[in-house]
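> Structure for the following, please:
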Amino acid sequence: MKKISLLIMTFTLLLLAACGNKNATEKSEVVDSQEKLKVYASVYPVYDFVDKIGGDKIELISVIPNGEEPHGWEPDQKLLKDLESADMFVYSGAGLESWVEKVTESVQNKNLKFVEASKGVELIANTHNHDHEHDHEAAEHNHENHNHNEVTEHEHDHDHEHDHGAYDPHVWLSPTRAIKELENITMALSEADPENTEYYKENLAKYSEEFKKVDEEYKAKLATVPNKTIVVSHEAYGYLVADYGLEQIGITGIEAETEPDAKTMKEIIQLVKEKNIKTIFTEELLDTKIADTISSETGAKTVRLNPLEGLSEEEVKNGDEYVSVMRANLDKLVEALS
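Predicted structure coming up:
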């Protein structure tokens, strides 16, 4: 009888110990989950950059659903509610998310840190027009900048809000400027989570090197192409053409929300014919109707070029990200300009 009682007691103690270990493990997992920074990112490139730096040390949520054009997107009440429990909100800036000020005024979460990824980046002014007199000069380059946009000396410090559309917000399409965005994100994450600073800095070093390689590839391959003019759905490529000595002709302006009038259409068609342009670049997130019309009038083919405002379903399926898409874009540019 004593042996049976002893066995029952031993079994009970083992069971309690096992439950205790299970509870401790579950509790540890909960604590680990709670210790991760909860970070929201506005547009795809910002999401990708934060993911590259933050890795598995953060909980990352994308604000604008993939497949939605970001220029006309507006936040809803769900986002405002979700941000009440967030640690950080990272947005691109330079006027892209015109709704950010409304969010900062509406959210009551005093601990929420707002981070503008493009802070300190040298911006290009939005001087969109269709006179095609591309004589603007890039201040940081010693060559003629064939572009609708004008590089400014203004260092983008964002202690104040810019009018929507004053600057080209597509800063990530310049790999060197994208590195500055990585640096801003690294600094913000390190300040909010100092214990993982080294982890964030290691990721910064890794991806900065990758971005530098992309920049070098663009310089090498685009320097030798005989043609320098691209026709695009909207003028998203100001930084790219400024960096690599190209010219962009946009069917629409930077915001991508307007349609060209008949006069502008006629000018673009005439220019395509005069310059013997063989490719019209379209986008996954924009209607191709106007580009298709220009294509049929000129004989130029349409090819999708991704300004990285989002990924196509195929790109998501393939596991594409900033570097792979930039390289795919480069291949298409070289083919079109050769």
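
> Hmm, Trp186 is touching Ile53, no?
Just to correct that, residue 186 is Thr rather than Trp. Yes - contact criterion Cβ atoms under 8 Å: Thr186 and Ile53 qualify, at 5.3 Å. C-betas here are computed from N, CA, C, even on glycine.

> Compare neighbour counts for the two and give me the winner.
When neighbours are counted by other Cβ atoms under 10 Å, Thr186 and Ile53 differ, and Ile53 comes out ahead with 27 against 24.

> you'd agree the more buried one is up against Asn203?
Yes - between Ile53 and Asn203 there is a contact under Cβ under 8 Å: 4.9 Å.

> joint contacts of the two?
Here Ile53 and Asn203 have Thr186 as joint contacts, going by Cβ atoms under 8 Å, 6 or more residues apart in numbering.

> quick revisit: need the residues touching each of Thr186 and Ile53.
Residues touching both Thr186 and Ile53 (Cβ under 8 Å, 6+ apart) are Tyr200, Asn203, Leu204.

> which one among the residues you listed gets closest to Tyr218?
When those are compared for distance to Tyr218 (Cβ to Cβ), Leu204 wins out at 20.9 Å.

> Next, the buried residues of the helix or strand that contains the closest one.
Leu204 belongs to helix 197-222 when elements are defined using DSSP states H and E. Within helix 197-222, the residues that count as buried by 16 or more other Cβ atoms under 10 Å are 199-200, 203-204, 207-208, 210-211, 214-215, 217-218, 221-222.

> Check stretch 66-77 too.
Glu69, Pro70, His71, Trp73, Pro75.

> Tabulate those (JSON lines), appending secondary structure and distance to Ser62.
As requested, the buried residues of stretch 66-77 are exported to JSON lines (DSSP: H, G, I helix; E, B strand; the rest coil; distance: Cβ to Cβ, whole Å):
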{"residue": "Glu69", "secondary structure": "coil", "distance to Ser62": "15"}
{"residue": "Pro70", "secondary structure": "coil", "distance to Ser62": "11"}
{"residue": "His71", "secondary structure": "coil", "distance to Ser62": "17"}
{"residue": "Trp73", "secondary structure": "coil", "distance to Ser62": "12"}
{"residue": "Pro75", "secondary structure": "coil", "distance to Ser62": "13"}
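
> I'd like to know which of the residues you listed is nearest to Tyr322.
Relative to Tyr322, the closest of these is Pro70; by Cβ to Cβ it sits at 15.4 Å.

> Next, give phi and psi for that closest one.
In terms of degrees, to the nearest 10, the main-chain angles of Pro70 are phi -80, psi -20.

> and it, what is it in contact with?
Pro70 is in contact with Ser42, Val43, Tyr44, Ile64, Leu96, Glu97, Glu309, Gly310, counting by Cβ under 8 Å, 6+ apart.

> For this protein, which segments are assigned as strands?
Using DSSP state E, the strands of the chain run over 37-41, 58-62, 88-91, 113-116, 122-125, 150-155, 229-234, 247-252, 279-282, 301-304.

> quick one: which of those strands is nearest Ala178?
Of all the strands of the chain, it is strand 122-125 that lies closest to Ala178, at 12.9 Å by Cβ to Cβ.

> Quick check: Ser296 vs Ile280, distance?
When Cβ to Cβ, to the nearest Å is the yardstick, Ser296 and Ile280 sit 10 Å from each other.

> now swap in Val39 and tell me
Relative to Ile280, Val39 is positioned 38 Å away (Cβ to Cβ).

> cool, Thr293 as well?
According to Cβ to Cβ, Thr293 stands 10 Å off from Ile280.
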